[in-house]
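Trainee: Attaching a predicted model along with its sequence, questions to come.
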Amino acid sequence: MNPGNKSGFFVLYKNKGDLSMSVSNNGNLKLAIQKKGRLTEKSIELIKLCGVEIDNYSERLVVPAYNFPLEILFLRDDDIPEYVQDGVADIGIVGENVLVAKNAQTRIVEKLGFGKCSLMMAAPENISIKSVKDIEGKTIATSFPRIVQNYLTENKINAKIIEISGSVEIAPALGVADIICDIVSTGNTLMMNKLKKSISVFESQAVLISSASRELNPQKKKYLDELHRRIKSVLTAKNSRYLMMNVPKSSLEKIEKVIPSIKSPTILPLADEKLVAVHAVIPSGYLWKIVDSLKSLGATGILLLPIENMIP
Ligand code: ATP
Ligand code: MG
């Protein structure tokens, strides 16, 4: 693999043509991520966990990696699906909600498990939305008209959609719409606007995408396969923990039954011959379900460690 170009460059751009001109055609894989927003930090973290080293990225549009043939393009998330579709970037990381909203010709390579959010219907207190049927005939304000329309069509509901680009939650108070459909996290914004959340319309998370209409050249395909392999190992590791503990030899058989180990646990001898050390990979969060059983079987010195990478 060619090492990435270390120099990097800073370019201002106004449209896609300008951006294409500024991205070097050096055969490196081009990954588009959100420039500044909720997905930025987690996207960078994922790349770094894949062992890809990149420079301080804050000020630049294009940042090359040092040790992988990859260049990272920092863009507004709304632009990422189209840039990937058109091949300005080879791959991108974006929320599924934006992907569906933009309807670009892209395909999901991998769901990444972060940036999770729900697009939900929310209504003022005088309107009760208990099931999808209650939406019939209503006017819905949203920034995601395509997703809402897909949902209405799937459920054979007739309703009017009003597209609003921001502060959707004030639409009912202004008399512009009966209800809204928006991304909800804590629900604080809804509460302040006297709205209550009801039906979930779409569940979203960050995804890695590639173009559905363009084939990558064989070299770039090789780079993508390698990056994808690393991403999958990072994701598996994220969902697992490394458990270590000392247990009495006499309860070993019972303890082995309690641990849902991916492979059989590692058993190591200790200076005290009545004890052994047990190491095992378990799913994240699982320790709390089994900790009481482990203790009652005499386990001591229980340690749980994060795993950075897991190669199948
Ligand atoms: P940009 O300037 O890049 O257009 P933005 O303001 O459109 O940014 P952000 O608010 O940074 O976007 O959200 C990016 C993505 O993060 C969303 O499209 C969504 O997929 C995801 N997300 C996760 N949780 C939330 C949340 N609570 N509210 C909004 N988006 C969320
Ligand atoms: Mg956006």
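Mentor: Arrived safely. Ligands and ions are numbered 1, 2, ... in the order given.

Trainee: Please tell me how far Leu70 sits from Asn309.
Mentor: According to CB to CB, to the nearest Å, Leu70 stands 18 Å off from Asn309. Where C-beta positions appear, they are placed from N, C-alpha and C, glycine not excepted.

Trainee: These two: which is more packed in?
Mentor: In this view Leu70 and Asn309 are compared by other CB atoms under 10 Å, and Leu70 has more residues nearby, 25 against 13.

Trainee: give me every residue that touches that one.
Mentor: Contacts for Leu70 were tallied using CB atoms under 8 Å, 6 or more residues apart in numbering; they are Gly4, Asn28, Leu29, Lys30, Leu31, Ile47, Val52, Pro64, Tyr223, Leu227.

Trainee: The last one - that's part of a helix, no?
Mentor: Yes: the assignment for Leu227 is a helix, going by DSSP: H, G, I helix; E, B strand; the rest coil.

Trainee: which residue sits closest to it, ignoring its sequence neighbours?
Mentor: In space, Leu227 comes closest to Cys50 once its chain neighbours are excluded; the distance is 6.4 Å by CB to CB, 6 or more residues apart in numbering.

Trainee: OK, contacts around that neighbour?
Mentor: Listed by CB under 8 Å, 6+ apart, the contact set of Cys50 reads Phe68, Leu227, Arg230, Ile231, Val234.

Trainee: Ile179 too?
Mentor: Ile179 touches Met121, Ala122, Ala123, Pro124, Ile127, Ile129, Ile135, Lys138, Thr139, Ile140, Ala141, Pro172, counting by CB under 8 Å, 6+ apart.

Trainee: State the pLDDT value of the closest residue to it other than its chain neighbours.
Mentor: Closest residue to Ile179 in three dimensions, ignoring its sequence neighbours and counting by CB to CB, 6+ apart: Ala123, at 4.2 Å. For Ala123, the pLDDT comes out at 96.

Trainee: Next, please give the residue ranges for the helices of the stretch 101-250 of the chain.
Mentor: Along the stretch 101-250 of the chain, counting by DSSP state H, counting those that start in this stretch, helices occupy 145-154, 171-174, 188-192, 218-238.

Trainee: Please tell me how far the longest one is from the chain's geometric centre.
Mentor: So that's helix 218-238. A distance of 15 Å separates the C-alpha centroid of helix 218-238 from that of its chain, computed with CA atoms, centre = their mean, to the nearest Å.

Trainee: Tell me which other helices or strands it touches.
Mentor: With contacts taken as 3 or more CB pairs under 8 Å, 6 or more residues apart in numbering; DSSP states H and E, helix 218-238 sits against strand 29-34, helix 40-49, strand 106-111, strand 206-211.

Trainee: residues in contact with the nearest residue to Ala104 once chain neighbours are set aside?
Mentor: Of all residues beyond its chain neighbours, the one nearest Ala104 is Pro81 (3.6 Å), with distances taken as CB to CB, 6+ apart. With CB under 8 Å, 6+ apart as the criterion, the residues that contact Pro81 are Gly92, Val94, Val98, Leu99, Lys102, Ala104, Thr106, Ile209.
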